Structures are given as C-alpha cells and as structure tokens.
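1. Here is my input; please provide its structure:
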Amino acid sequence: MAVTLSPAAADRVKSFLASRGHGVGLRLGVKRTGCSGYAYVVNYAEDVGPGDVVFEDQGVKVVVDSGSLEFVDGTEVDFVKHGLNEAFKFRNPKARAECGCGESFSV
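-> Next up is the predicted model:
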C-alpha cells in the first residue's frame, strides 16, 4: 500500500508547511459526494491520529485515514499550475471513472 507525491506536490507541501510554521504533512482522504460517487479531501495534517496510516515520500508525510485508504491506495498526488490556477491532481489507479469537472470519481 502506498500513496506517493510527484516532485511538484512534495515541493508545494514542504514550502506551505514551512511558511505556516506548523503541521506534519499532507492529509488525504475521500468523502461520498459528487456525480461520480467520491471526492478527494485534501488538507494539511496537523497531527497523526490513531486510525491514520502514514506514508513518507520525498521527505513529506502523507496521512490517510484508514477508512479512505482502500480508495486512494496507489494514488500519486501531483501539483499543477495552469495560468493563474493551481491545484493538487490525482493519478488514482482505482478510479474507474471521473466526472467531467474532475471533482469526483468512482471505483
């Protein structure tokens, strides 16, 4: 089981954590919503809870709650910029379909 980061995503998380001065890494999860079934939930992890699984990639901790792990196992998190827009993007081998807006996926 693993969740990995692209170099761009790792750099973004490191720089943001350094500028805010606290946090342990990136928190990744899913919630049931959207037109395809699930949506990614991304935040900065303040701590690691008892039900969390922690992966480390490129010096960055990725914290996933155990309930979300089956949906994001194998995912690579990327960080992309297009013009003025920037966002985390996901390459999830378990996603069978994504909605047109890219906000939700099905497994």
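
2. Could you look up the SS state of residue 39?
-> At residue 39 the chain is in strand, as set by DSSP: H, G, I helix; E, B strand; the rest coil.

3. how close does it sit to residue 106?
-> Using C-beta to C-beta, to the nearest Å, one obtains 11 Å as the distance from residue 39 to residue 106. C-betas here are computed from N, CA, C, even on glycine.

4. If the residue positioned nearest the centre of the chain is in a bridge, with which residues?
-> Ranked by distance to the mean C-alpha position of the chain (C-alpha atoms, centre = their mean), the top residue is residue 28 at 4.0 Å. Beta-bridge partners recorded for residue 28 (DSSP bridges): residue 42, residue 64.

5. residues in contact with it?
-> Counting by C-beta atoms under 8 Å, 6 or more residues apart in numbering, residue 28 makes contact with 3, 40-42, 62-64, 68, 72, 75, 77.

6. Student question: in the chain, what's the helix or strand with minimum average pLDDT?
-> Averaged element by element with mean pLDDT, DSSP states H and E, the chain has its least confident helix or strand at strand 97-98 (a mean of 73).

7. neighbouring strands for it, and are they parallel or not?
-> strand 105-106 (antiparallel).

8. and stretch 47-67, which residues are buried?
-> 52-53, 55, 57, 60-65 (16 or more other C-beta atoms under 10 Å).

9. which one of those residues is nearest residue 46?
-> Set against residue 46, the nearest of those by C-beta to C-beta is residue 63 (9.4 Å).

10. Does that closest one touch residue 23 like I think?
-> No. Contact criterion C-beta atoms under 8 Å: residue 63 and residue 23 do not qualify, at 10.0 Å.

11. so what sits against both of the two?
-> Residues touching both residue 63 and residue 23 by C-beta under 8 Å, 6+ apart: residue 45.

12. coming back round to it: which of residue 39 and residue 106 has more neighbours?
-> A side-by-side neighbour count of residue 39 and residue 106, using other C-beta atoms under 10 Å, places residue 39 first with 17 against 14.

13. mind checking how far that one is from residue 11?
-> From residue 39 over to residue 11 the distance is 25 Å, taken as C-beta to C-beta.
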